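> Have a look; sequence and predicted model below, questions after that.
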Amino acid sequence: MTSNATVGDLRGCRVLVTRPVEQAGPLADALRAAGAAPLLYPTIEVGEPPDWGPFDRAFAGARPGDWAVFTSPSAVRLAAARLRRTGQAGAMASLKLAAVGPGTAAALEREGWTADVVPQGGQRNQEGLAAALSSLAPGARVLFPRALEGRDQLARQLAERQVSVEVVPVSRTRPPTLPPLPVVDAAIGASPSALRALVARWGGAALAGHA
């Protein structure tokens, strides 16, 4: 996508928002507040994982002092809903919690939980969270609820330090049927999967041609 807008000047800009509809509200509101016209264009849909078994077993077997790490607000929301549905929400009280950034920490707060670790500074990604968890001792147990197709960088880095990591899917993404691509000034790829789906559908050259 190309744009004639400068950073901080979004008045009149048409901005493509690729987040799933249920996650797009706060971003769309912020764009409107900055004078932009957000166009909701979800390139992925978020559904349940094919099997809740790994998640249910992991939390049923959680021990006091184990960790649960979250790398997105949606992972918090989906994990909380599943724990309530299965009557296991109380398991969270005995766990230590880590969040990738302030938004995810706020999602935990909305569920009544408090993050024990949130990376400081600008590295609000899996690498930053792995660094913030550098004090975990070998043999520590970490539950990692994430999308089925999510990144494994956090799990790999912790495993290299002999931390036991259980990746437990709480969602999977799938591409919806997309309408024609509207003419916009900019597009926001809020996640790697959303951006990949946009490029897979329309191609990089088609996107670059929209202004």
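Happy to help now that I have it. Numbering: from 1, shown residues only.

> centre of the chain versus the one helix or strand in the chain whose mean pLDDT sits lowest, how much separation?
When each helix and strand of the chain is scored by mean pLDDT, DSSP states H and E, helix 192-208 comes last, with a mean of 75. For helix 192-208, the distance from its own C-alpha centre to the chain's C-alpha centre is 19 Å (CA atoms, centre = their mean, to the nearest Å).

> In it, which residues are buried?
For helix 192-208, a neighbour-count test (16 or more other CB atoms under 10 Å) marks Ser193, Ala194, Leu195, Arg196, Ala197, Leu198, Trp202, Leu207 as buried. Every C-beta, even on glycine, is put in place using the N, C-alpha and C of the backbone.

> Identify the residue nearest the second one in space, chain neighbours excluded?
Okay, so that is Ala194. Nearest-residue entry for Ala194: Thr18, 4.2 Å, with adjacent residues in sequence omitted and distances by CB to CB, 6 or more residues apart in numbering.

> gap between that neighbour and Gly47?
As judged by CB to CB, to the nearest Å, Thr18 and Gly47 stand 17 Å apart.

> How are the strands of this protein distributed by residue range?
Ranges of strands within the chain are 14-17, 37-40, 45-47, 67-70, 96-99, 141-147, 164-174, 186-188, based on DSSP state E.

> looking at the ones you listed, which is buried most?
Neighbour counts (mean count of other CB atoms under 10 Å) averaged over each of those peak at strand 67-70, with a mean of 26.

> So for that strand, mean pLDDT?
For strand 67-70, mean pLDDT rounds to 97.

> What of stretch 117-137?
Averaged across stretch 117-137, pLDDT comes to 88.

> how long is it from one end to the other?
15 Å (CA to CA, to the nearest Å).

> Stretch 79-97 now?
One end of stretch 79-97 sits 13 Å from the other (CA to CA).

> Now the residue most central in space within the chain: closest residue in space, sequence neighbours ignored.
In the chain, the centroid-proximal residue (CA atoms, centre = their mean) is Ser72; its distance is 3.1 Å. Leaving aside its chain neighbours, Ser72 sits nearest to Thr104 (6.1 Å; criterion: CB to CB, 6+ apart).

> Quick check: the one you found touching Ala68?
No. Assessed by CB atoms under 8 Å, Thr104 is found out of contact with Ala68, at 11.6 Å.
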